[in-house]
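>>> 3D, please:
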Amino acid sequence: MPARPPLPPFTRESATEKVRLAEDGWNSRDPHAVSLAYSSDSRWRNRAEFLSGREAIVAFLTRKWDRELDYRLVKELWAFGDDRIAVRFAYEWHDDSGNWFRSYGNENWEFDGEGLMRTRIASINDLPIEESERKYRWPLGRRPDGHPGLSELGL
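Residues are numbered from 1 along each chain as shown. The predicted model follows:
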């Protein structure tokens, strides 16, 4: 598996780039492509669900995006160290009944020397919102460069 720059040890600039690359990947909603950012033995805790390995990651993300429709995500760097990054995020989605939600969370990431994430620990809370309260209205896919981030949106 080729290296996945930027590589640790992280600087503020490289950690910020890594966060944006992760956001872009998740906004693609392509489980197979997203899984390639993680080590083959990556361990996750997502809410109360525990996963290990890329196959489990693909299955998890497939279920997630089958349920969380019109998913749009914004991540923001919170802190970083040599091989670790902490982020906060918020994403908007709706269920198959048209009920909208904004999900808020924090993630702790640990990377191997090749820049692959070997540990992901995510804590997430869901807030029901009205469609009129949505803040993420860009076309599905990558968040446009000019779109405000979490801090600018007051989230």
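>>> how about the helices in the chain?
With helices called from DSSP state H, the chain shows them at 12-28, 31-35, 54-67, 150-153.
>>> and those: which comes nearest residue 128?
Evaluated with Cβ to Cβ, the helices of the chain place helix 54-67 nearest to residue 128, the distance being 15.0 Å. Where you see a C-beta, it was placed from the backbone N, CA and C, and this is true even at glycine.
>>> which residues are in contact with residue 38?
With contacts defined as Cβ atoms under 8 Å, 6 or more residues apart in numbering, the neighbours of residue 38 are 54, 57, 116-118, 120.
>>> related to what we said a few turns ago, residue 141 is nearest to which of the helices of the chain?
Ranked by Cβ to Cβ, the member of the helices of the chain that lies closest to residue 141 is helix 12-28, at 6.0 Å.
>>> tilt between that closest one and helix 54-67?
Relative orientation of helix 12-28 with respect to helix 54-67: 60 degrees, computed using axes from the mean of the first three to the mean of the last three Cα atoms, to 10 degrees.
>>> run through who's touching helix 12-28.
Applying Cβ under 8 Å, 6+ apart, the set of residues contacting helix 12-28 is 6-7, 10, 33-34, 37, 71-77, 80, 85, 87, 89, 115, 140-143.
>>> what of stretch 55-72?
For stretch 55-72, contacts defined as Cβ under 8 Å, 6+ apart pick out 26-27, 29, 31-32, 34-35, 38, 42, 44, 46, 49, 51, 91-96, 136, 138, 140, 143.
>>> now it: buried residues?
In terms of neighbour count (16 or more other Cβ atoms under 10 Å), stretch 55-72 has its buried residues at 56-58, 60-61, 65, 68, 71-72.
>>> before we move on, the earlier item: PyMOL command to pick out the buried ones of the contacts of stretch 55-72?
What follows is the PyMOL syntax selecting those of those that are buried according to 16+ other Cβ under 10 Å:
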select buried, resi 26+27+29+31+34+35+38+42+44+46+51+91+92+93+94+136+143
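>>> looks like residue 115 contacts residue 2 (just checking).
No - using Cβ atoms under 8 Å, residue 115 makes no contact with residue 2, being 9.4 Å away.
>>> among those two, which residue is more densely surrounded?
For residue 115 versus residue 2, the count of surrounding residues by other Cβ atoms under 10 Å is larger for residue 115: 20 against 8.
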